[in-house]
Every structure is written in structure tokens, then in C-alpha cells.
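Visitor: sequence unknown, structure follows:
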């Protein structure tokens, strides 16, 4: 690329007017890039604030349906459901995960009945139902892979039966994408899509989320035997390649901002629909700094979400989705 010398080239010319800045912007965030993660809880008319995530609450199904209506009216294309499971329903084998009438499946049916135009995404992992707080079944202190995959398949099928549009396997067990895809095909769910959490890191940014779903106190040990080392990039590419080869339609990198280099590498290598999750810790840090007046919260929200687009992401899961959508043309 050749650029004329100064003064023939003055980069400030294209910054001198809002219209010129708009015409020459390289990356734009739109409402269609947003997926809104929401937290479920039992009851009716119940809204519980999540202390570590200012502005975020657990909502009963009736309020989540209203939230989905509001999201659709804002132009947000998808909502993602995460349940807060009553501790009495948590077991070693996680049977509640594939109960057709569990909290998530009731919410899926209610949203699809009331707001059919919004896509419903789910979480496919056992930690909300696991007495040990892990994403897979634990035996003798070990998270067992193949038995966990069998459970995840049952969970995924129950969600598909309930009407989920996008399944989000976030467990990081080996072979689960292929097993879920094959089971969906056999069950006649050929059009249910899979957004694989293909590169999910063993991160310190998940703390507020675990508070929101009630997994913090339950977790025994850590998740380093199945989630990724934060220093690894080549492994992320291998995992993405594997999940795409097994039938994932879309892939996700999690967390988001600390891993923008991974987002770019994945998009450049594979060209597949690539998403990132701006996770609870990222959200909480921005909100906390904004509350103290240390940063302009709205500006940092916009800047952080635009960074995902610049890194090659096709969309972002973010708790800022409604706030951001109100600032964007639909």
C-alpha cells in the first residue's frame, strides 16, 4: 500500500466531518451482531439482581418472555438462556439436565410460543445441574469424558425437542459435537444449529457468572483438565478445526477481550461464523469502573464491542446487548 507524502496526504481530512468519518469507518457494530445472555430462575414475577453484575438479574420464565419480547423489538436476533437451578435438583449424574420440564426447557417453549421471531440459544453443559459444579460428570475426583458426552447428548436432544434454535455446547468434552450432531440428525432435528464453545479458556473472568447460576459454591477444584490454558493459541485452532469437522455450524471464543488475537486467528484460518462471549468478568469490570466515574461507561461499552468486530467476529454474546441495541439503528 502506497500513501502520498505530507502535505498531499493529510489523514485528518477524513476525520474533519462526521459524515466523512461515517463513510470511511472500517468496522461497524450493528444490532444484528448481538446475542443477549439472560439468567433464569423458578417462580413467577421474580427478578433477583446479581450483585456481582450490576444491571443483570435472574428472572422467572414469565419475565424472561417479556425480556425476549423487548429484545426482539430492539432488533436483537437471539437470546441465550442460563438457568439458576435449585440446589435440591443437583445430583452427581445431573439428571435434571435432560428433564423435558426443567427450567430451561420451560423457558424455551414459552419464548418460542410468545416471540417466535427471536432465536433461542441454550447452554449445553452439566455444571448448573452438577452437585460438584463441573461441566461433566465426576467420578473419583476425575471429570469423565465419554459418560459426560452421553449425558450432554440427552440434554441437547431435550433442548431441541423444546424448540431451541441454537445449541451452545460449552463443556469442552472431547467428541461432544459429533455425538450431538449425529443424535440431532437421527431425531429429525436437522435444522437445529450448533454454536460450539470451541476455544473456552480456564479463565478468572467467569466469577460473576458462576454467582449468577449458583455454581460458585458447588465447584470442587478447578476446570483446567478440560478448559484451555490461557497461553495457548495453536490448540484453539486445532479445537475449532475438530468441532467444525464434527458438525458445528458456528464457533465461539470465550472469554472475549483478552482473546481477540484468537478470534482473529480463527476467522482468518477457517472463515466460519465466529463469535465471542464478552463474559461476566469483562462486563462487571466495565460496570464497576463506570460506577466509580473512572471511565465513561457508554463509550467503553461501544469501544469494547466494536473491538470484537475489528477482530473478525460475526457476533458477540454480551450482557450489554439491550443497552447497545438502544444506541444502534435496527
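Guide: Arrived safely, thanks for sending. Quantities reported herein were computed from a predicted structural model and do not represent experimental measurements.
Visitor: for residue 90, which non-adjacent residue is spatially closest?
Guide: Here the nearest residue to residue 90 in space, its sequence neighbours aside, is residue 131; by C-beta to C-beta, 6 or more residues apart in numbering that works out to 4.6 Å. Every C-beta, even on glycine, is put in place using the N, C-alpha and C of the backbone.
Visitor: list the contacts of the closest residue to residue 323 other than its chain neighbours.
Guide: Beyond its immediate neighbours in the sequence, the residue positioned closest to residue 323 (C-beta to C-beta, 6+ apart) is residue 301, lying 6.6 Å away. Residues in contact with residue 301, defined by C-beta atoms under 8 Å, 6 or more residues apart in numbering, are 286, 320, 323-324.
Visitor: buried ones from the residues you listed, can you make that a PyMOL selection?
Guide: Here is the PyMOL command that selects the buried residues among these (16 or more other C-beta atoms under 10 Å):
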select buried, resi 286+320+324
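Visitor: can you redo the contacts of residue 301 as JSON lines with pLDDT?
Guide: Converted to JSON lines, the contacts of residue 301 look like this (pLDDT from 0 to 100):
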{"residue": "286", "pLDDT": "98"}
{"residue": "320", "pLDDT": "98"}
{"residue": "323", "pLDDT": "98"}
{"residue": "324", "pLDDT": "98"}
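Visitor: where do the helices sit along the stretch 201-330 of the chain?
Guide: If you assign secondary structure with DSSP state H, counting those that start in this stretch, the helices in the stretch 201-330 of the chain sit at 207-213, 234-246, 260-270, 280-291, 297-310, 321-325.
Visitor: distance to residue 151 for those - can I get that in CSV?
Guide: Shown next, in CSV, are these (distance: least, C-beta to C-beta, whole Å):
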stretch, distance to residue 151
helix 207-213, 18
helix 234-246, 18
helix 260-270, 28
helix 280-291, 25
helix 297-310, 32
helix 321-325, 30
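Visitor: which one of these has the lowest average pLDDT?
Guide: Within the helices of the stretch 201-330 of the chain, confidence is poorest for helix 207-213, with a mean of 88 (mean pLDDT).
Visitor: what sits up against that one?
Guide: With contact meaning C-beta under 8 Å, 6+ apart, helix 207-213 is reached by 39, 50-53, 56, 58, 82-85, 127-128, 133, 216, 219, 279-281, 283-284.
Visitor: out of those, which are buried?
Guide: Buried subset of those (neighbour count, 16+ other C-beta under 10 Å): 39, 50, 52-53, 56, 58, 82-85, 127-128, 133, 279-281, 283-284.
Visitor: of those, which belong to strands?
Guide: Within the buried ones among the contacts of helix 207-213, residues falling in strands by DSSP state E are 39, 58, 82-83.
Visitor: quick one: contacts for the nearest residue to residue 240 once chain neighbours are set aside?
Guide: Taking C-beta to C-beta, 6+ apart, and ignoring the residues beside it in sequence, residue 240 has residue 198 as its nearest neighbour in space, at 4.5 Å. Contacts for residue 198 (C-beta under 8 Å, 6+ apart) come out as 236, 239-240, 242-244, 248, 251-253, 266.
Visitor: save these as CSV, and put in neighbour count and distance to residue 90 too.
Guide: Conversion of those to CSV gives the following (neighbours: other C-beta atoms under 10 Å; distance: C-beta to C-beta, whole Å):
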residue, neighbour count, distance to residue 90
236, 24, 31
239, 22, 28
240, 25, 31
242, 16, 30
243, 26, 28
244, 18, 33
248, 25, 28
251, 28, 29
252, 29, 25
253, 30, 29
266, 30, 34
